[in-house]
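**Q** Quick one, structure for this:
(one chain, ligands or ions: 1)
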Amino acid sequence: MDRALCIHGHFYQPPREDPWLGRILPEGSAAPSVHWNARICRESYTPLARARRLDGQGHIVELLNCYEWMSFNAGPTLLSWMARSAPETYARILEADRASVKRLGHGNALAQIYHHVIMPLASELDKELEVAWAVDDFTARFGRAPEGLWLSETAVDTPTLEVLAAAGLRFTILAPSQAVAVSDDGRKWRDVDAGSLDMTEPYTVALPSGRSMAVFFYHGPLSQAVAFESLLADGENFFRRLSGAAGRGLLSLATDGETYGHHFTFGEMALAYVLDQARSGRDGLSLTNYGAYLAANPPQRFVRIREASAWSCAHGVERWRSDCGCTNGEHAGYNQKWRAPLRQALNLLKSRLDAHFFEAGKGLFTDPRKALVAYGQVMAGTVAQEAFEAAWFSSASKAAGRGTAWKLLAMQAWGLASFASCAWFFDEISRLEPVNGLTFALRAMELARATGMADPEPEVTAILAGAVSNDPAMGTGRDIWDNMVRPRRETPKSLVTQALLTLALEERLPSGGQAVVSWPGVAVTVRLDPPTGNAWSGTASICYHLETATEDFFVTFHPSKTGEPFDGCATMEPTTGGLEEGFCFASVGLPVNKRQALADAFARHAEAVFFETMLAQSATARCLVTELQEAQHTINLAPLWLHLWPGLVWHDVFDLPLPEKRAALLRLFLMEAGRDSPVKAALEARLAAETTRRIHLPDPDWTLLARLLHRTADLELHPDWWAAQNALWERRPFAGTMATFAKALGFAV
Ligand SMILES: [Zn+2]
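**A** Numbers count the residues shown, from 1 in each chain. Just a heads-up that it's a prediction; the model follows:
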């Protein structure tokens, strides 16, 4: 195949989940978004799924799903967040893979190392787990086995390729600098470098086991130009550069996917332009993906890879274990001597966890190692816990050891999560990424202690004491452990505090019933008797995701009488016996992001309640609006009506019109009050969301929706119709009254 083109995006976010709650907590630096996953999703992942293609008049001719025409990988940690929090975008990604399979016989999606660990630095066990779990996760999501896998940071060595080959994977993608020599016959070798390597064909790596792995090398200079030069500023220029570089064989580019839209605003539109030109066959280009190209063009030559090398470190894989000098240039003069002790500390912990797992697991699993490998299917949701127990738990563990067995599996998963590459990538140990890695290690330690392992914390923190921060105020890794990592820990007390406060703030304390406060990682079930005075009593039961053991407490709850929720108090006593403990919520010391999450929950609830009340009042007020009188320019006593403004707008745009002279007076007021309204943006967002919701209904009222667009424009309101356009695009073809609405919404009809 000549002039074939494949553009690959590696989509990845450092794991930000709190390892107890399983949820990403608010991050102030990402405002106005709640955290960075949400922010980057809004800027890049979602726009790529719905990139606008416009005609000469600026009307939308197509919402292009770029994922359908590019190669991509997005690992389990990002996709599991997206499935929960951006389901529309997630659905477009799955749909894109299905469409590419249909078109090319091979899917655009590649698997990715499960926790984005640096494979050459991982133990033999961890290598196997990272690949097996990645394959399970991919298969569950995409409904097919992966053909290719993206190695974190393209970090590779021969043992890693052996694991990939053993797992049935057929290819990976590397940087051209990772090739050392090529051969036509596997006997006579010729040295190559990034400049002399022919990147237009896949190669075979012959492995010691007798297996082999195909490797594609992406075009280095052009990929650099996309990522770091302004190639995305102009779609036509981007296309010409690609067309100029394409020739015999395959031209493939690989960059971080976030380049499109996050690093370069509207980069997704430049990409959409290029993909559209290429799919129409301009200049004889044909879009393909790696799987399809490999099937049609099996490797003719062999390559030797540079052992333990990666795409973002000139020193092999030193960036993830030593002071090699590679950073993103965050701070002049910072060193990375902390990297080595951080790696050593986590390696030591994992070796202790492994030993404990196999020792404690001997009596609990029929085959501890195979059970651990198969645990990926439980995390992926393809095997139910009961079925897993039937397959892998020994008869002893089916009784008393059941809870312990599940904790051991979770312990190993968190131990692995602590190796996510981002912890070492930047220039300072007190950054969010290393602190997150250490937090995952703390969670693994907690599970280790709970299953009878000798406390590894003293050994681990002794090594961390040798990791010196560049910021003297931060001290060493041990100080960071004490001051930044340990305070994040959840305890039964902190979980019950958050559960009771959430129920109280959202006005859903169960009187004589039960309520569940759940996060993706843990659920607290609260049962309360009807209150006596200001005192509630009942039980609280804590259960972690994919565990079976619960922690149960008798609780009493005394809500605050002062209006300050943290003045509330509670008592807890284990139902299995033990001491009762009383405490005030202020004394629990919830960290700022957990207090922020409570504030967000309260603000959402309060706003929803306020809006409903105001909407009902506005419906009454609207009926009382009188006819416009001569020389009148707004409603009498207009300041009293101001707080009803959003509701009056709402009824005006969604309901039938009022008699003309009454409507005229109302409009005068709405225009004038809206001009400087501080709640205008919030109302616009709500109008856009409601419109989108109505478009998704089985039989939308297109006439009403078209009228709504005109009325909001008349009132000088400008909601962002982006999501509404996306929803409408799903309902093509446009016809009849729907076409009228589509045109009003910006489509070329
Ligand atoms: Zn380096």
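**Q** Which residues of the stretch 301-450 of the chain lie near the ion?
**A** Residues of the stretch 301-450 of the chain lying near the ion by CB under 5 Å from the ion: C313, H315, E318, R319, C324, C326. For glycine as for every other residue, the C-beta is placed from the backbone atoms N, C-alpha and C.
**Q** So which of these is surrounded by the most neighbours?
**A** R319 (25 neighbours; other CB atoms under 10 Å).
**Q** Return the residues in contact with that residue.
**A** Contact analysis of R319 by CB atoms under 8 Å, 6 or more residues apart in numbering lists E153, A310, S312, C313, C326, R339, W424, F425.
**Q** contacting residues for the residue nearest to A51 when sequence neighbours are not counted?
**A** Spatial nearest neighbour of A51, excluding adjacent residues (CB to CB, 6 or more residues apart in numbering): A272 at 3.5 Å. With contact taken as CB under 8 Å, 6+ apart, A272 is in contact with A51, R52, R53, L64, C66, G235.
**Q** from those, which ones fall inside strands?
**A** A51, R52, R53, L64 (DSSP state E).
**Q** Tell me who's in contact with the last one.
**A** Read it as L64. Applying CB under 8 Å, 6+ apart, the residues near L64 are R50, A51, R52, R53, A272, L275, D276.
**Q** Let me know the closest of these to A405.
**A** Checking the contacts of L64 against A405 with CB to CB, the nearest one is R50 at 44.2 Å.
**Q** Surely that closest one is in contact with A727?
**A** No. Assessed by CB atoms under 8 Å, R50 is found out of contact with A727, at 10.2 Å.
**Q** Pull the number of nearby residues for R478.
**A** For R478, using other CB under 10 Å, the count is 18.
**Q** got it, and the one 10 residues further on?
**A** Residues lying near R488 (other CB under 10 Å) number 20.
**Q** try D185
**A** If we define neighbours as other CB under 10 Å, then D185 has 8 of them.
**Q** and it, what element?
**A** Taking DSSP states H and E as the definition, D185 sits outside all helices and strands.
**Q** can you list the residues of this structure near the ion?
**A** So the chain meets the ion at C313, H315, E318, R319, C324, C326 (CB under 5 Å from the ion).
**Q** Inside helices: which ones of these?
**A** Nothing among those maps onto helices, per DSSP state H.
**Q** Let's have those residues in JSON lines, adding pLDDT.
**A** Formatted as JSON lines, the residues of the chain next to the ion follow (pLDDT from 0 to 100):
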{"residue": "C313", "pLDDT": "95"}
{"residue": "H315", "pLDDT": "96"}
{"residue": "E318", "pLDDT": "97"}
{"residue": "R319", "pLDDT": "97"}
{"residue": "C324", "pLDDT": "95"}
{"residue": "C326", "pLDDT": "95"}
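**Q** which residues in the stretch 251-400 of the chain form strands?
**A** Assigned by DSSP state E, counting those that start in this stretch, the stretch 251-400 of the chain shows strands spanning 286-287, 301-305.
**Q** Parallel or antiparallel, list what pairs with the longest one.
**A** Sheet pairing for strand 301-305, assigned by DSSP bridges, gives strand 179-183 (antiparallel), strand 203-206 (parallel).
**Q** helices or strands up against whichever helix or strand comes after the shortest one?
**A** In this case it means strand 203-206. Downstream of strand 203-206, the next assigned helix or strand under DSSP H and E is strand 212-217. When contacts are defined as 3 or more CB pairs under 8 Å, 6 or more residues apart in numbering; DSSP states H and E, strand 212-217 packs onto helix 158-166, strand 171-174, strand 203-206, strand 250-256, helix 290-296.
**Q** So what touches strand 212-217?
**A** 161, 164-165, 169-176, 178-179, 197, 199, 202-207, 250, 252, 290, 293-294, 299, 303, 305.
**Q** Helix, strand or coil: sort out L447 for me.
**A** helix (DSSP: H, G, I helix; E, B strand; the rest coil).
**Q** That one is in contact with W406, isn't it?
**A** No. Using CB under 8 Å, L447 is not in contact with W406, being 9.6 Å away.
**Q** May I have the phi/psi pair for the residue located most distally from the centre of the chain?
**A** Here the chain reaches farthest from its C-alpha mean at E630, the gap being 58.4 Å by CA atoms, centre = their mean. Main-chain torsions, E630, degrees, to the nearest 10: phi -60, psi 140.
**Q** Per-residue pLDDT of it, please?
**A** The per-residue pLDDT reported for E630 equals 93.
**Q** any idea how far the ion is from it?
**A** 79 Å (CB to the ion, to the nearest Å).
**Q** do S196 as well
**A** On the measure of CB to the ion, S196 and the ion end up 23 Å apart.
**Q** follow-up on the earlier one: make a markdown table from the helices and strands packed on strand 212-217 and add mean neighbour count to it.
**A** Formatted as a markdown table, the helices and strands packed on strand 212-217 follow (neighbours: other CB atoms under 10 Å):
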| stretch | mean neighbour count |
| --- | --- |
| helix 158-166 | 20 |
| strand 171-174 | 24 |
| strand 203-206 | 20 |
| strand 250-256 | 23 |
| helix 290-296 | 20 |
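**Q** Including mean pLDDT, could these go into JSON lines?
**A** Formatted as JSON lines, these follow (pLDDT from 0 to 100):
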{"stretch": "helix 158-166", "mean pLDDT": "98"}
{"stretch": "strand 171-174", "mean pLDDT": "98"}
{"stretch": "strand 203-206", "mean pLDDT": "98"}
{"stretch": "strand 250-256", "mean pLDDT": "96"}
{"stretch": "helix 290-296", "mean pLDDT": "98"}
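**Q** how about JSON lines for the ones you listed, with distance to M119 added?
**A** Formatted as JSON lines, the helices and strands packed on strand 212-217 follow (distance: least, CB to CB, whole Å):
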{"stretch": "helix 158-166", "distance to M119": "4"}
{"stretch": "strand 171-174", "distance to M119": "10"}
{"stretch": "strand 203-206", "distance to M119": "14"}
{"stretch": "strand 250-256", "distance to M119": "17"}
{"stretch": "helix 290-296", "distance to M119": "19"}
